[in-house]
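K.L.:
what shape does this take:
(2 chains)
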Amino acid sequence: MKNDSQRIVITGIGLTSPLGNNLAELREGLLNGRSGIVHTEIRHMGVVAAGLCRFDETKHQSKKMRKRGTRAGAISVYCTKEALIDSGIDFDSTDRARVGVYLGITEHGNVETENEIHDLYNTHNKDVSFWSHHHNPRTVANNPAGEVTLNLGITGPHYTIGAACAAGNLGIIQGVQQLLLDEVDLAFAGGISESTETFGIFAAFKAQGALGHHEDPTLATRPMDVDRNGIVVSEGGAVYVLERLSDAKKRNAKIYGEIIGYHSNSDASDFVLPNTERQIECMKYAMKKAGIEPSEIDIVNMHATGTNQGDIQECQAVAGLFKDCKTTYVNATKGFIGHAMGAAGALELAGNIPSFTDGYIHPCKKIEKLDPDCAIPNLVNGEKIAHDVKIILNNSFGMLGINSTLILKKYS
Amino acid sequence: MVTNEEVRAKVLDIIADIALDDDVTGIKDDVALREQLDLDSMDFLDIVMELKKRHKIEVPQEDYPRLASMQSCVEYLGPKFNQ
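P.N.:
The predicted structure is shown next:
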């Protein structure tokens, strides 16, 4: 039995997503089957489907700092400050040298580099003396987390965790580990993505034959549907306040849940194609660390991006572990909000957390024609179901064969 | 001929787009800009870049101190606007 200082809990959540700018709005959208996907125009791409966030960028930072910084930084600052407010922590009396910021990212710097090169070629006739002195501080990989420390006066460690589309989970895992190592007393951890500001990611998915599209943008990504044709790129962020249970109890904090297990591993098999065996292994190790059996899981939230092979392989992995678990339900989030890249794991976990208190499991966005290869038991399709949820398992996988699983338990 | 008032107005336009959270209407010309506005070294580099982009005026690094106040800006940049 772990003592309270070895147990890590979530005590604050701040987020922005294509379905809204706080947990209540995201949850309402997921329970009621709303899509956050729209058509938008992207440089060089024309009109594409995407998930965009519409939060107030200067709610928590000055106009000047917003202009100096990045969209990724703005998302990070917004989410972190919202999480801090939600936690109720008295930050004025917090030792900020003992606070860490750990944010998962799929990539960073593409947006700023594309913009600079666009201007260099189209406005400045390739004269690099017009290249911005802001380019380096905007594109260093720690930028999103660093902007948070500047905004909040945090003098503890900050960095980003580059982990492709597993990054949202990995950011949270990093926060947990740093608390357990006693490096910090408070962690802001999660994932963020501003990928919708760059044409390159859209163009690359299109070249790969994996960019989801449909004349109705809300149908552009249809994970597990036999007619699915790919990923919809989204932006977003979710940042969690993580504390030791002992500290949370001391200040009588609201506790969303306890992170009881996690794991990350590598496929070591392909640049982009997933690996069912390694995914199973990842989930198994996470459950082993948590000290639980598959039958104790109430929700498995799939990564399910809407690609042909990716969805099938993950369904095989989930079915392989949970097919005999009568009370384990499976859902997926990307049909509603698209693929928020580095934010995906953290946002999708957030979408399920209210299950602990509202007693529902949100569905997958209605799958009209379920792919027979994805027809796994207890898939929650189109309609929420009532269930007493105590444990959530959250999967996020990414390119270069990176897998992550996080397990969250209702605190009681 | 660009007058000193016009030079001042052009510099003020640039500063207004950089010091976005400050009221720039009451700037005292003989007081250092940094004493009146929330400006740091990156902001002064922004001023230099905007002079280059908007008015094709180059300010070499050794002349950056000449941009310290509005008065010194006008004195230094006036001849450059009229070259």
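K.L.:
in contact with the residue of chain B found nearest chain A, which residues?
P.N.:
Residue of chain B nearest chain A, by C-beta to the nearest C-beta: residue B:20 (3.7 Å). Just so you know, the C-beta spots here come from the backbone N, C-alpha and C atoms, and that holds for glycine as well. By C-beta atoms under 8 Å, 6 or more residues apart in numbering or on different chains, the contact list for residue B:20 reads A:62-64, A:67.
K.L.:
that one in helix, strand or coil?
P.N.:
Recorded secondary structure, residue B:20: coil (DSSP: H, G, I helix; E, B strand; the rest coil).
K.L.:
before we move on, what about the one 10 residues further on?
P.N.:
Using three-state DSSP, the structure places residue B:30 in coil.
K.L.:
give me the residue at the spatial middle of chain B.
P.N.:
Nearest to the mean C-alpha position of chain B, by C-alpha atoms, centre = their mean, lies residue B:11 at 4.3 Å.
K.L.:
in helices only, show me the contacts of residue B:20.
P.N.:
A:63-64, A:67 (DSSP state H).
K.L.:
closest one to chain B out of the residues you listed, please.
P.N.:
For the ones in helices among the contacts of residue B:20, the nearest to chain B is residue A:63 (3.7 Å; C-beta to the nearest C-beta).
K.L.:
I figured the closest one hits residue B:21, correct?
P.N.:
Yes - contact criterion C-beta atoms under 8 Å: residue A:63 and residue B:21 qualify, at 5.3 Å.
K.L.:
mind checking the SS state of the residue in the stretch 301-412 of chain A that chain B sits nearest to?
P.N.:
Proximity of the stretch 301-412 of chain A to chain B (C-beta to the nearest C-beta) peaks at residue A:342, 26.5 Å away. The three-state label given to residue A:342 by three-state DSSP is helix.
K.L.:
which residues does it contact?
P.N.:
For residue A:342, the contacting residues are A:103-107, A:163-165, A:167-168, A:171, A:191-193, A:195, by C-beta under 8 Å, 6+ apart.
K.L.:
quick check, nearest of those residues to residue A:327?
P.N.:
residue A:168 (26.1 Å; C-beta to C-beta).
K.L.:
low-confidence regions, chain A specifically.
P.N.:
Nowhere does chain A drop to pLDDT under 70.
K.L.:
which residues of it lie near chain B?
P.N.:
A:62-64, A:67-68, A:129-130, A:132-134 (C-beta under 8 Å from any C-beta of the partner chain).
K.L.:
recalculate using a threshold of 10 Å.
P.N.:
By C-beta under 10 Å from any C-beta of the partner chain, the residues of chain A that approach chain B are A:58, A:61-68, A:119, A:123-124, A:127, A:129-134, A:137.
K.L.:
out of those residues, which are buried?
P.N.:
A:58, A:61, A:64-66, A:68, A:132, A:134, A:137 (16 or more other C-beta atoms under 10 Å in any protein chain shown).
K.L.:
and of the residues you listed, the nearest to residue A:293?
P.N.:
Using C-beta to C-beta, these come closest to residue A:293 at residue A:61, 45.6 Å.
K.L.:
gap between the closest one and residue A:138?
P.N.:
15 Å (C-beta to C-beta, to the nearest Å).
K.L.:
do the same with residue A:99
P.N.:
23 Å.
K.L.:
residue A:389 too?
P.N.:
The value you get for residue A:389 to residue A:138, if C-beta to C-beta is used, is 41 Å.
K.L.:
go on, residue A:131?
P.N.:
In terms of C-beta to C-beta, residue A:131 sits 12 Å off from residue A:138.
K.L.:
between these two, what contacts are shared?
P.N.:
The overlap between the contact sets of residue A:131 and residue A:138 (C-beta atoms under 10 Å, 6 or more residues apart in numbering or on different chains) consists of residue A:116.
K.L.:
part of a strand, is residue A:14?
P.N.:
Yes - checked against three-state DSSP, residue A:14 lies within a strand.
K.L.:
identify the bridge partners of it.
P.N.:
Judged by DSSP bridges, the bridge partners of residue A:14 are residue A:239.
K.L.:
hmm, it is touching residue A:189, no?
P.N.:
No - between residue A:14 and residue A:189 there is no contact under C-beta atoms under 10 Å: 11.4 Å.
K.L.:
which of those two has more residues huddled nearby?
P.N.:
Each of residue A:14 and residue A:189 has its neighbours counted (other C-beta atoms under 10 Å in any protein chain shown); residue A:189 has more, 34 against 28.
K.L.:
about what we covered before: and which of the buried ones among the residues of chain A next to chain B is nearest residue B:33?
P.N.:
Of all those, residue B:33 sits closest to residue A:64, with 14.1 Å by C-beta to C-beta.
K.L.:
my read is that the closest one contacts residue B:16, right?
P.N.:
No - the pair residue A:64 / residue B:16 is not scored as a contact, 11.3 Å apart, by C-beta under 10 Å.
K.L.:
pull the CA atoms of stretch A:215-222 into PDB?
P.N.:
Extracted C-alpha coordinates of stretch A:215-222, given in PDB (Å, rounded to 0.1, in the frame of the first residue of the first chain):
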ATOM      1  CA  GLU A 215     -18.100  17.700 -48.100                       C
ATOM      2  CA  ASP A 216     -19.700  17.800 -44.600                       C
ATOM      3  CA  PRO A 217     -16.700  18.600 -42.300                       C
ATOM      4  CA  THR A 218     -18.400  16.800 -39.400                       C
ATOM      5  CA  LEU A 219     -18.000  13.600 -41.300                       C
ATOM      6  CA  ALA A 220     -14.400  14.200 -42.400                       C
ATOM      7  CA  THR A 221     -13.000  11.900 -39.800                       C
ATOM      8  CA  ARG A 222     -14.900   8.700 -39.000                       C
END
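K.L.:
off-centre distance for that stretch?
P.N.:
Put simply, stretch A:215-222 sits 21 Å off its chain's centre (C-alpha atoms, centre = their mean, to the nearest Å).
K.L.:
same question for stretch A:317-333.
P.N.:
21 Å.
K.L.:
before we move on, back to that, quick one: secondary structure of the closest residue to the residue nearest to the centre of chain B other than its chain neighbours?
P.N.:
Spatial nearest neighbour of residue B:11, excluding adjacent residues (C-beta to C-beta, 6 or more residues apart in numbering or on different chains): residue B:73 at 5.0 Å. Here residue B:73 takes the helix state, with states given by three-state DSSP.
K.L.:
likewise for residue A:393?
P.N.:
strand.
K.L.:
show me what contacts residue 62?
P.N.:
Assuming you mean chain A. A:68, A:151, B:20-22, B:38.
K.L.:
what two of those residues are the furthest from one another?
P.N.:
Across the contacts of residue A:62 (C-beta to C-beta), the longest gap, 18.3 Å, separates A:151 and B:22.
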